[in-house]
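Trainee: sequence first, predicted model second:
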Amino acid sequence: MESNVAMRQLDAEKDAIFRTIQAGILIVDADEHAILDANAMALKLIGRPKEEVVGHCCHTFVCPAQRGKCPITDLHTTVDSSERVLLNASGGNVPILKSVVPIVLNGRSCLLECFLDLTERKRTEEELKKSQGDLLNASRLAGMAEVASSVLHNVGNVLNSVNVSVTLLSDGIRQSKLAALSRVAAVMREHADDLGAFITRDPKGRLMLHYLEQLAEHLLQEQSTLLGELEALRKNVDHIKDIICMQQHYAQVSGVQEAVQLAELVEDAVRMSTAAIGLHEIQIIREFVPASLPEITVEKHKVLQILINLIHNAKHACDNFGREDKRLTVRVTSNHEQVEISLADNEVGIPPENLARIFNHGFTTRRKGHGFGLHSGALAAQEMGGTLTAHSDGLGQGATFTLRLPLTANPALTSPDPAG
C-alpha cells in the first residue's frame, strides 16, 4: 500500500517537472527517431498539438537538415548546448539551444532532447546591430565628432553589462541541471518491476523523492535567475535605444524632461551596472533613504549616462588598485533647491595634477581609455543646470564624484560652452 502511494507520488513529481519546466523536452526512440513524448513547452515551440507530434520523426520538427545524419546515433558524437533549428507549424525556423542525452526507458534505447528558445536572444543581437547602425546615422545627422564619441562611449558602457548578461545566460544554460532528469528516469527504469519496494526499502530509493524535490527547487531557481538576466538585458537594450534617440535629436531639440523618483533613478543606474560590478566583487553601499528623497524633473537618460559612466570608472579604479575590500558608496542628499548624488570609491585615487584636467576632452589615465566619459558627463550636467565635480586626497585615498542637479529643470537653459 505504502509502495503504491510512493510510486504514484514519484510519478506525479516527475510529471509535474516534465510538464512545467520552461524548456522543451522530447523523448525520442533512438532507433526509429520517432517522438514518444513531448512536454508542453516543446509543443508550444513547435506550435502543434501532442497528437500531431508524437509518433512522427523528430527531424520533422527539430534539426530538419540533419535527417539521416543524427549526431548521436549516426555520427556517434554529442550534442551539448549546441545551437540548432526547430521548425514550427507555420514553417518558420526557431533558433534553439539543444542538448541530447541517451537514456533507456523500459529496455528501449531513447534520446532525451532538451532545448531552449533563443528567439529573444537573437532578436536582441539584431537590435544591437540596428542600434550600431542608428549610432552611425546619429553621428552623421549631428555632424559633430564629439557627439558621436559621446554616444559610442555611453553605449559602450551599457554594452559591457549586455555582454555580461549574455555570458551569464549562456553559462546558466550550459550548466543547467536538466540532464539530471535523464539520470532519474534511468534509475526508475532499472527498478521498473519493483519500483515501490525500491522507493520504500532501498537506501538509494528512499532518497529519490527528496532528490526530485531538490531538483525541482533548483530548476525553478535556475529559471528565475535566467528570467532576471533576460529582464536586465531588456532594460539595457532599451537604454541603448534611448541614448541613440536622444542623440539623434540633440541638434534639433532639447531633451525630454520628465518627473522621476530620485531613488528609483539612482537604483536604475546601479542595477544596469550590477552584473559588471558583481563580477568584480565590489560592495555597493547605499547611504540614502528612498522614502525621504524628492521627485525631480530632469532628462532621465542623461542622468543615467552620467551615473553609469561614473560606476564603470569606479570599477576600473578597483581593478587597477587590487584591494580585497573593494567598495563603492552611493550617497544621495537633497535640500529645497537641489539634489546631490555622490559616488565614492576606496581605490587608487587621483593625483592633484590630474584633478585640474580630469574633465578635459580626451584626458584619460587608462591605457584603453578615450577621455570622453567625464567630459561629456560634465557637459550633460551643465545642460541640466547642474555640475559634476571630483575630489580626491591623492593616490591611494580613493575618489569621490558628485553630481548636483536642481530639483526643477529650467526650460530656458541652453547648451554650455565646452571650453567653459
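Mentor: Received it, and whenever you're ready, just let me know what you need.
Trainee: which residue ranges of the stretch 201-350 of the chain form helices?
Mentor: Using DSSP state H, counting those that start in this stretch, the helices of the stretch 201-350 of the chain run over residues 203-206, 208-248, 262-272, 274-279, 300-321.
Trainee: show me what counts as buried in the third one.
Mentor: This points to helix 262-272. Within helix 262-272, the residues that qualify as buried are 262-263, 265-266, 268-272, counting by 16 or more other CB atoms under 10 Å. The way it works is simple: take the backbone N, C-alpha and C, and place the C-beta from them, glycine included.
Trainee: for those, which one is nearest Lys235?
Mentor: Each of the buried residues of helix 262-272 was scored against Lys235 by CB to CB, and Met272 proved nearest at 6.5 Å.
Trainee: list the contacts for the closest residue to Gly394 other than its chain neighbours?
Mentor: Distance criterion CB to CB, 6 or more residues apart in numbering; nearest residue to Gly394, sequence neighbours excluded, is Gly349 at 5.6 Å. Neighbour list for Gly349: 392-399 [criterion: CB atoms under 8 Å, 6 or more residues apart in numbering].
Trainee: same question for Ala179.
Mentor: 99, 101, 112, 114.
Trainee: does the first one touch Glu83 like I think?
Mentor: No. In this structure Ser99 lies outside contact range of Glu83 using CB atoms under 8 Å: 11.2 Å.
Trainee: Leu105: neighbour count?
Mentor: 18 (other CB atoms under 10 Å).
Trainee: residue ranges of the helices in the stretch 1-150 of the chain, please?
Mentor: 2-20, 40-46, 119-142, 145-174.
Trainee: those: lowest mean pLDDT?
Mentor: Set side by side, the helices of the stretch 1-150 of the chain give their lowest mean pLDDT on helix 2-20, at a mean of 65.
Trainee: most tightly surrounded among the helices of the stretch 201-350 of the chain?
Mentor: Mean neighbour count, computed with mean count of other CB atoms under 10 Å, is highest for helix 300-321 among the helices of the stretch 201-350 of the chain, reaching a mean of 22.
Trainee: centre of the chain versus that helix, how much separation?
Mentor: Between the centre of helix 300-321 and the centre of its chain there are 18 Å (CA atoms, centre = their mean, to the nearest Å).
Trainee: could you dump the buried residues of helix 262-272 to TSV with distance to Leu45?
Mentor: Converted to TSV, these look like this (distance: CB to CB, whole Å):
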residue	distance to Leu45
Leu262	43
Ala263	40
Leu265	38
Val266	39
Asp268	33
Ala269	36
Val270	35
Arg271	30
Met272	30
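Trainee: closest to Lys300 out of those residues?
Mentor: Nearest to Lys300 among the buried residues of helix 262-272 is Leu265, at 6.6 Å by CB to CB.
Trainee: any idea how far the closest one lies from Thr400?
Mentor: Using CB to CB, to the nearest Å, Leu265 is found at 19 Å from Thr400.
Trainee: dump the residue contacts of Arg404.
Mentor: 338-341, 381, 386-389.
Trainee: among those, who's most crowded?
Mentor: Ile341 (25 neighbours).
Trainee: beta partners of that residue?
Mentor: Beta-bridge partners of Ile341, counted by DSSP bridges, are Val332, Leu403.
Trainee: wait, it sits on Val298?
Mentor: No. Between Ile341 and Val298 there is no contact under CB under 8 Å: 11.0 Å.
Trainee: what touches both of those two?
Mentor: Shared contacts of Ile341 and Val298, defined by CB under 8 Å, 6+ apart, comprise Leu405.
Trainee: follow-up on the earlier one: right, and the helices of the stretch 201-350 of the chain - which one's nearest Thr60?
Mentor: If we rank the helices of the stretch 201-350 of the chain by CB to CB, the stretch that ends up nearest is helix 208-248, at 27.9 Å.
Trainee: what's the angle between the closest one and helix 262-272?
Mentor: On the basis of axes from the mean of the first three to the mean of the last three CA atoms, to 10 degrees, helix 208-248 is oriented at 110 degrees to helix 262-272.
Trainee: other SSEs contacting helix 208-248?
Mentor: Where contact means 3 or more CB pairs under 8 Å, 6 or more residues apart in numbering; DSSP states H and E, helix 208-248 is packed against helix 2-20, helix 119-142, helix 145-174, helix 180-190, helix 195-201, helix 262-272, helix 274-279, helix 300-321.
Trainee: who's in contact with Gln261?
Mentor: So Gln261 contacts 290, 293, 295 (CB under 8 Å, 6+ apart).
Trainee: buried subset of these?
Mentor: Leu293.
Trainee: any idea how far the residue nearest to Gly394 lies from Arg331?
Mentor: 18 Å.
Trainee: rounded mean pLDDT for stretch 379-387, please.
Mentor: The model assigns stretch 379-387 a mean pLDDT of 90.
Trainee: just the CA atoms of that stretch, as PDB, please.
Mentor: The C-alpha coordinates for stretch 379-387 follow below in PDB (Å, rounded to 0.1, in the frame of the first residue of the first chain):
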ATOM      1  CA  LEU A 379      28.600  68.900 -20.200                       C
ATOM      2  CA  ALA A 380      25.400  67.000 -19.700                       C
ATOM      3  CA  ALA A 381      25.300  68.100 -16.100                       C
ATOM      4  CA  GLN A 382      25.700  71.800 -17.100                       C
ATOM      5  CA  GLU A 383      23.000  71.400 -19.700                       C
ATOM      6  CA  MET A 384      20.600  70.300 -16.900                       C
ATOM      7  CA  GLY A 385      21.600  73.300 -14.800                       C
ATOM      8  CA  GLY A 386      23.900  71.300 -12.500                       C
ATOM      9  CA  THR A 387      27.500  70.400 -12.000                       C
END
